[in-house]
Structure formats: structure tokens, C-alpha cells
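*Asks:* whatever this is, show me its structure:
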Amino acid sequence: MTRPVVAIIGNTHLINDQYPAHAGGTMNSAAVSDVSGALPVIVPCDPAYVGVEELLERFDGFLLPGGRPNVHPEEYGENWTEAHGASDRGRDTIALPLIRACVERGQPFLGICRGFQEVNVAMGGSLHPEIRELPGRMNHRMPPDGTLEEKFALRHPISLTRGGVFERVFGADEVMVNSLHGQGIAVPGPRIVIEGHAPDGTPEAIYVKDAPGFTLSVQWHPEWNAADDPVSRPLFEAFGEAVHRWAAGERPVEGRKIA
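*Replies:* Residues are numbered from 1 along each chain as shown. All right, here's what the predicted structure looks like:
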């Protein structure tokens with residue numbers, strides 16, 4: 001049986017600080033393939049090579065993964081400062097209109113970390129450049145030292161809205177997650193529904209209100225150990241179900257939401 005195809009939006013990367021590449025983490029491909037049951041394809045994040053319309057026509061769903069470069073603050077009406085860090089304007093140019101088009105069409109996407117932030121910006125929200133500098137907030141950044149297992153280890157709980165979409169996906173109103181991000185939501189977009197918060201109040205789980213398709217996005221990194229983690233697996237399974245429905249020709253109908 002032919003698997004549905006998921007585009008993983010790539011990140012601009014330099015190999016050995018010299019050779020330009022479009023990159024995607026192996027764990028993203030593994031999660032899409034092994035848990036969502038789809039064929040993962042890394043897509044160049046450069047409008048010189050790909051266009052939003054052709055991506056929409058050729059893929060069944062989209063994974064918006066994390067990445068070291070941040071969404072450029074001009075995308076949410078602010079001037080760049082050193083606190084905003086490095087950016088990837090190519091990915092901004094592809095990902096932001098792609099998200100808006102998917103919301104309109106009901107085409108499924110899953111946002112992770114930077115992808116979570118992209119969804120908020122695409123829907124008219126803004127970001128804090130460095131949330132650990134805000135009063136009462138914890139440091140959500142990746143630990144600078146240690147093994148991958150230590151860096152991606154579970155670090156704090158997420159409180160979920162009771163009766164919400166994420167509680168239905170996870171079967172619980174509180175879950176443990178990892179934390180590897182510096183930025184976070186400042187002002188949510190008008191249609192952004194926040195259903196999960198870290199203990200310090202940082203938004204961690206969102207979806208787009210009244211979108212006909214799958215728009216779940218999380219600030220943590222569920223691609224780590226996705227096949228075995230009790231939080232990651234149901235999230236990628238739910239995304240996979242939405243992608244399989246799209247590939248089978250099922251389209252959202254009025255009055256029914258496929259969150």
C-alpha cells in the first residue's frame with residue numbers, strides 16, 4: 001500500500017561551517033515514518049526552488065520542525081535586535097503562507113518548536129525573543145552540555161485544558177515533556193487557541209480555532225523517542241490519521257472539525 005507523503009520543511013544549514021545544505025533531523029523522519037505511517041520528504045526552505053502552491057498539491061501533510069534560526073521579527077512587526085538571534089528568511093517565506101493556506105484548505109500540519117512559533121506568527125501573533133528574561137519564567141533552553149538523551153530528557157509538566165483537543169489526544173490533562181527553546185508566544189494570534197501551559201505560564205500547546213483540518217502544534221520536541229514516548233506517540237498517530245484521510249481524498253466538510 002502506498003503511504004501518504006509528508007513534507008518536512010527543511011532548515012538552512014552549513015556543513016562544517018562552509019557547505020550550504022537544506023537539513024532535517026533524522027528523528028523527524030523517523031517519527032513521520034514509524035509512527036505517522038507516512039513517507040517523509042525533506043523540502044528545501046527556499047522560494048527559489050519550491051512554491052507554496054506546488055507543495056500543497058504534491059504533499060498530503062506538512063511537518064514544521066524545530067530549527068536553530070528563529071522567525072524574523074519583521075514577520076510580526078518588530079525590528080531585529082541581537083536578542084532575536086539568527087533567522088531564516090527563506091523558511092519564513094515558505095512556511096508562513098503555507099500554514100495559512102493549509103488552515104484555509106483543511107490540509108493537515110504539525111508544528112514543533114519553531115514550527116509552533118511559525119503557526120502563531122502566521123496567524124497574526126508575536127513572539128518573545130528570550131522568554132527566560134521575563135519575570136517568573138524558567139529557562140526553557142536546551143542544556144548546553146550532556147548527551148542527546150540528557151538534552152532531550154523530560155523536564156517539566158504541561159497542564160492541558162480539560163475537555164480540549166490535546167487532552168483527548170493524550171488521554172490526560174497533564175503530561176511531561178522536554179524543553180529546548182528560547183523564544184515563545186508573546187501575543188497569540190486572534191485564532192490561536194492555547195490549550196497547554198508550562199508551570200511558569202509559557203504557552204506550549206496550540207491549535208487554530210475553526211480550522212477544518214489538523215493544526216495541532218507544540219513548543220516541545222515530540223519527535224524525540226516518538227515511537228515509545230507515551231505523549232509523543234499519540235500526537236504523531238493523530239497527525240498520521242489526518243494525513244491518511246487527506247491522502248484518501250477525504251476533505252473537511254462544513255460543520256465538522258478535524259482537530
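*Asks:* which SSE is residue 194 in?
*Replies:* Assigned by DSSP states H and E, residue 194 belongs to strand 192-197.
*Asks:* what's that strand in contact with?
*Replies:* Strand 192-197 has contacts (C-beta atoms under 8 Å, 6 or more residues apart in numbering) with 119-120, 123, 125, 158-161, 164-167, 185, 188, 203-209, 218. C-betas here are computed from N, CA, C, even on glycine.
*Asks:* drop anything exposed from those.
*Replies:* When neighbours are counted using 16 or more other C-beta atoms under 10 Å, the contacts of strand 192-197 contain these buried positions: 119-120, 123, 125, 158-160, 164-167, 185, 188, 203-208, 218.
*Asks:* give me the subset of these that lies in helices.
*Replies:* Under the assignment DSSP state H, these contribute 119, 120, 165, 166, 167 to helices.
*Asks:* would you mind measuring from the second one to residue 238?
*Replies:* To tie it back to what came earlier, the one meant is residue 120. 20 Å (C-beta to C-beta, to the nearest Å).
*Asks:* can you check the first one too?
*Replies:* Computed with C-beta to C-beta, the distance linking residue 119 and residue 238 is 16 Å.
*Asks:* residue contacts, residue 116?
*Replies:* Going by C-beta under 8 Å, 6+ apart, residue 116 touches 64, 206, 217, 218, 219.
*Asks:* what is the mean pLDDT for the host helix or strand of it?
*Replies:* Using DSSP H and E, residue 116 maps to helix 114-122. The average of the pLDDT scores along helix 114-122 is 97.
*Asks:* the stretch 151-259 of the chain: strands as residue ranges?
*Replies:* Along the stretch 151-259 of the chain, counting by DSSP state E, counting those that start in this stretch, strands occupy 156-160, 174-177, 184-185, 192-197, 203-208, 217-218.
*Asks:* JSON lines for those, including mean pLDDT and distance to residue 90?
*Replies:* Formatted as JSON lines, the strands of the stretch 151-259 of the chain follow (pLDDT from 0 to 100; distance: least, C-beta to C-beta, whole Å):
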{"stretch": "strand 156-160", "mean pLDDT": "97", "distance to residue 90": "31"}
{"stretch": "strand 174-177", "mean pLDDT": "98", "distance to residue 90": "29"}
{"stretch": "strand 184-185", "mean pLDDT": "96", "distance to residue 90": "23"}
{"stretch": "strand 192-197", "mean pLDDT": "98", "distance to residue 90": "24"}
{"stretch": "strand 203-208", "mean pLDDT": "98", "distance to residue 90": "24"}
{"stretch": "strand 217-218", "mean pLDDT": "98", "distance to residue 90": "21"}
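*Asks:* quick one: which of those strands is nearest residue 132?
*Replies:* Among the strands of the stretch 151-259 of the chain, the nearest to residue 132 by C-beta to C-beta is strand 184-185 (9.4 Å).
*Asks:* chain center to that closest one, what's the gap?
*Replies:* Remark: strand 184-185 is offset 13 Å from the chain centroid, using C-alpha atoms, centre = their mean, to the nearest Å.
*Asks:* mind listing what it pairs with, with the direction of each?
*Replies:* strand 127-128 (antiparallel) (DSSP bridges).
*Asks:* now the strand it pairs with: mean pLDDT?
*Replies:* Mean per-residue pLDDT for strand 127-128: 95.
*Asks:* could the ones in helices among the buried ones among the contacts of strand 192-197 go into a markdown table alongside distance to residue 231?
*Replies:* Output for these, formatted as a markdown table (distance: C-beta to C-beta, whole Å):
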| residue | distance to residue 231 |
| --- | --- |
| 119 | 19 |
| 120 | 21 |
| 165 | 14 |
| 166 | 10 |
| 167 | 12 |
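*Asks:* circling back: report the buried residues of the strand holding residue 194.
*Replies:* Result for strand 192-197 [16+ other C-beta under 10 Å]: buried residues 192, 193, 194, 195, 196, 197.
*Asks:* now the fifth one: how far from residue 235?
*Replies:* Using C-beta to C-beta, we find residue 196 at a distance of 11 Å from residue 235.
*Asks:* mutual contacts of those two, please.
*Replies:* Taking C-beta under 8 Å, 6+ apart as the criterion, residue 196 and residue 235 both touch residue 218.
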